[in-house]
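Asks: Let's see this in three dimensions:
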Amino acid sequence: MTSQAMSPSDERGLETITAVLPAGSTIHAWIKASHGGAPGRLTAHVDGDPAGAVETSNPDEFELRLLTLESGGETAFSYDPVTTNVSVLYAFRQPRVLEDGIRLLHVRPSNAAPNVTGGYHFRPPFGWMNDPNGFGRFGGRAHLFYQHYPHSLRWNNMHWGHAVSDDYLHWTHLPIFLPPSDALAARADGRGGAFSGSAIALDDAGIRIFFTEHMKDREPEEQVQFTATSRDLVHVEPASLILPARPAGLGLTTDFRDPYVFIGPDGKWKMLLGTRDREGGVILLYETEDPTAATGWTFLGRLHRENRFGMTAAECPCLVPLDGPANDPLTRWALIFGLLTSRDPVTGRRNITLATIGRFDGHSFSVEFEQELDFGTDAYAFQAFVDEAGPVGIAWLANWTDVSKEVDMPTAMTLPRRLALRGGALITPPIAGVESLRQRPLDAQGLLDGHPVDLANGAVEILLTLKEAGNAFHLAFEHPDATVAVQLNDDGLSILFSVAGAKTSPRYIAAGARPSTIRIFLDTGSIEVFGDGGRWTGTKRLPGFKGINSMRLAAPERHVLTAEIWQLGL
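Replies: Prediction:
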């Protein structure tokens, strides 16, 4: 993906964006009228010859307009900034878009991605991002869809963004996949859009997606469920309504969202949906006899309830088999979901994500044990599926607690993580491929000797091995906008975090944890901690767009047996 600088205004006052493009290029131009008095218009010329034009009369929101270049060459896109605003302009060639992705030609400063040197977490090429959607392997490659607003770094009416990867680490950005409905796309008023969902493979190639359409103040239902197909994994066909209403008689709130579709033990398609009632979060179960999962969805009942945190909404549920095939009755499954507005009274952490382990027979879920997915809580909206190596998942590296109109977020996804059972617990280590990000070793001996260690751009991996499980240490990081440290003591494993001026800060702690190895990944905007191979996992979003500068270790003699540090990069 490359970006082209915009040429200065010409004598007619036009702004021009130039690039050399091949014949057959498809252009996605997101434009709007600057005011209601004249339409917005973008024209294209190739080697000086007219190549097409697009228009919109909407002054309230950017609209997608398409161009196809019949010939290739020096291409100039021109518009009058008095009448026209251009949010995003990108090009791609349809026959190779899955391999080459999009070529970003223009983006405004207000929705441009932050300049993050050396970052290795997934970030969108422009605009806002939150929940992962439709995470799966289709056509032999991993696809990641995500909640997306292209035209600002703030949340607004939701689209689905899209990227593809061979290894879950190196991602190719694809055209915006799913815009909001026409009614919601007309204005940038935050009324709703294409909310979170999932995707499944179709037998005759392509995928079927499922998503919630949210429309604020719509009666009787703000949230309803849609499905749509894509045959080429790039363009989506018109969506169909499949669940127009919540189940009646259960006392549910208007929360009714995030369809997660998967094959159950009986070979039938199942769907989970998150909601709540007056007691707490509720997960609903549906199924269909339709082998294409397109129609015939029927409500089976409440699959799970979580009421320890009050009237919180369960959202972004997923359910994956952990230690055997789905059709084996002895297989344990992980039911993972977030609890919006939940608050842990002991630590003050908000929006907890729970992992409940048990057996699933296609109709009911028998709980064996439950644990928190992440003690840092900033691995939210976790979504997983089973690939050839077993369950793998990814999450939004953030938490709604930190979202505000004043704070720009270094929006990113977590490192992809495996899921497995070990020693009576769910472990979530990073995928093995993260070791391929190691570029060069840093001064580990200096760290053991108690000296400050420079971390260059802050994109590093740290591995500490303790002499005995639970040996105390304190690893302090120098960050320009926060106080950050990782600590192990008798209370457990903690990420210490605070920002100047904040009245209080939650305690991010895995209480009672006594790991013998601690693996830490630092990047601009984040810290991820894995104790004992993911037995205890903690993720925290860090403020601003600058990385951690240096670190220093304090520990009793011989508590930390060895240390390894690597500079990381894609």
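
Asks: going forward, measure contacts and count neighbours with C-alpha atoms only.
Replies: Fine.

Asks: where's the nearest residue to Pro244 once chain neighbours are set aside relative to Leu241, distance?
Replies: Nearest residue to Pro244, sequence neighbours excluded (CA to CA, 6 or more residues apart in numbering): Val224, at 5.1 Å. Computed with CA to CA, to the nearest Å, the distance linking Val224 and Leu241 is 8 Å.

Asks: The two: which is more packed in?
Replies: Val224 (23 against 16; other CA atoms under 10 Å).

Asks: how does the protein divide into domains?
Replies: Domain ranges of the chain: 6-96, 128-427, 432-568, per automatic domain parsing.

Asks: Output these as JSON lines; include the columns distance to Ala113 and mean pLDDT.
Replies: Output for these, formatted as JSON lines (distance: least, CA to CA, whole Å; pLDDT from 0 to 100):
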{"stretch": "domain 6-96", "distance to Ala113": "12", "mean pLDDT": "93"}
{"stretch": "domain 128-427", "distance to Ala113": "8", "mean pLDDT": "96"}
{"stretch": "domain 432-568", "distance to Ala113": "11", "mean pLDDT": "95"}
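
Asks: Let me have the ones you listed in a markdown table, adding distance to Tyr120 as columns.
Replies: A markdown table is the format used below for these (distance: least, CA to CA, whole Å):
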| stretch | distance to Tyr120 |
| --- | --- |
| domain 6-96 | 23 |
| domain 128-427 | 7 |
| domain 432-568 | 7 |
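
Asks: The stretch 351-500 of the chain: strands as residue ranges?
Replies: 353-360, 365-372, 380-387, 390-396, 417-418, 420-422, 425-427, 438-441, 453-454, 460-466, 473-478, 483-489, 492-498 (DSSP state E, counting those that start in this stretch).

Asks: Between those strands, which one is closest to Leu69.
Replies: Smallest distance to Leu69 across the strands of the stretch 351-500 of the chain (CA to CA): 36.6 Å, for strand 390-396.

Asks: gap between Ala381 and Asp374?
Replies: 12 Å.

Asks: Please enumerate the shared neighbours of the two.
Replies: Thr353 (CA atoms under 8 Å, 6 or more residues apart in numbering).

Asks: In stretch 160-170, which residues are buried?
Replies: By neighbour count on 16 or more other CA atoms under 10 Å, the buried set for stretch 160-170 is 160-165, 168-169.

Asks: cool, stretch 114-121 as well?
Replies: Using 16+ other CA under 10 Å as the test for burial, stretch 114-121 gives 114, 116, 118-121.

Asks: May I see the strands of the stretch 351-500 of the chain arranged in TSV, with mean neighbour count and distance to Leu272 as well?
Replies: Shown next, in TSV, are the strands of the stretch 351-500 of the chain (neighbours: other CA atoms under 10 Å; distance: least, CA to CA, whole Å):
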stretch	mean neighbour count	distance to Leu272
strand 353-360	23	13
strand 365-372	15	12
strand 380-387	23	12
strand 390-396	22	17
strand 417-418	21	21
strand 420-422	16	21
strand 425-427	20	21
strand 438-441	14	38
strand 453-454	18	47
strand 460-466	21	36
strand 473-478	19	41
strand 483-489	19	36
strand 492-498	21	32
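
Asks: just so I know, which of those lies nearest Ser230?
Replies: Nearest to Ser230 among those is strand 380-387 (19.2 Å), distances taken as CA to CA.

Asks: so what does the closest one touch, helix or strand wise?
Replies: Counting contacts by 3 or more CA pairs under 8 Å, 6 or more residues apart in numbering; DSSP states H and E, strand 380-387 is packed against strand 128-138, strand 313-321, strand 333-340, strand 390-396.

Asks: What strands line up against the helix or strand containing the residue nearest to Pro244, and which way round?
Replies: Here Val224 sits within strand 223-230, counting by DSSP states H and E. Take DSSP bridges as the rule and strand 223-230 pairs in its sheet with strand 207-215 (antiparallel), strand 240-243 (antiparallel).

Asks: Find the one among those with the highest mean neighbour count.
Replies: strand 207-215 (a mean of 25; mean count of other CA atoms under 10 Å).

Asks: That one vs strand 128-138, what angle?
Replies: 150 degrees (axes from the mean of the first three to the mean of the last three CA atoms, to 10 degrees).

Asks: Quick one: the helices in the stretch 151-300 of the chain, in order.
Replies: 182-185 (DSSP state H, counting those that start in this stretch).

Asks: Do you have the strands of it handy? List them.
Replies: 159-165, 171-173, 192-201, 207-215, 223-230, 240-243, 257-263, 269-276, 281-288, 298-306.

Asks: State the distance spanning the first to the last residue of stretch 467-487.
Replies: For stretch 467-487, the end-to-end distance is 16 Å (CA to CA).

Asks: for stretch 96-110, same thing?
Replies: 30 Å.

Asks: Next: stretch 247-265.
Replies: End-to-end distance (CA to CA), stretch 247-265: 24 Å.

Asks: Distance from the chain centre to the strand holding Val224, please.
Replies: 19 Å (CA atoms, centre = their mean, to the nearest Å).

Asks: Would you mind saying which of the strands paired with strand 223-230 lies nearest Gln439?
Replies: Nearest of the strands paired with strand 223-230 (CA to CA): strand 207-215, 36.4 Å.

Asks: Give me the angle between that closest one and strand 257-263.
Replies: 160 degrees.

Asks: So what touches strand 207-215?
Replies: Residues contacting strand 207-215 (CA under 8 Å, 6+ apart): 134, 138, 184, 191-202, 222-231, 233, 257-261.

Asks: What of stretch 382-400?
Replies: Stretch 382-400 has contacts (CA under 8 Å, 6+ apart) with 130-133, 135-137, 316-322, 336-338, 351, 377-381, 411-420, 431, 526, 539-541.

Asks: Nearest spatial neighbour of Glu61, chain-adjacent residues omitted?
Replies: Arg187 is the one closest to Glu61 (CA to CA, 6+ apart), at 4.9 Å.
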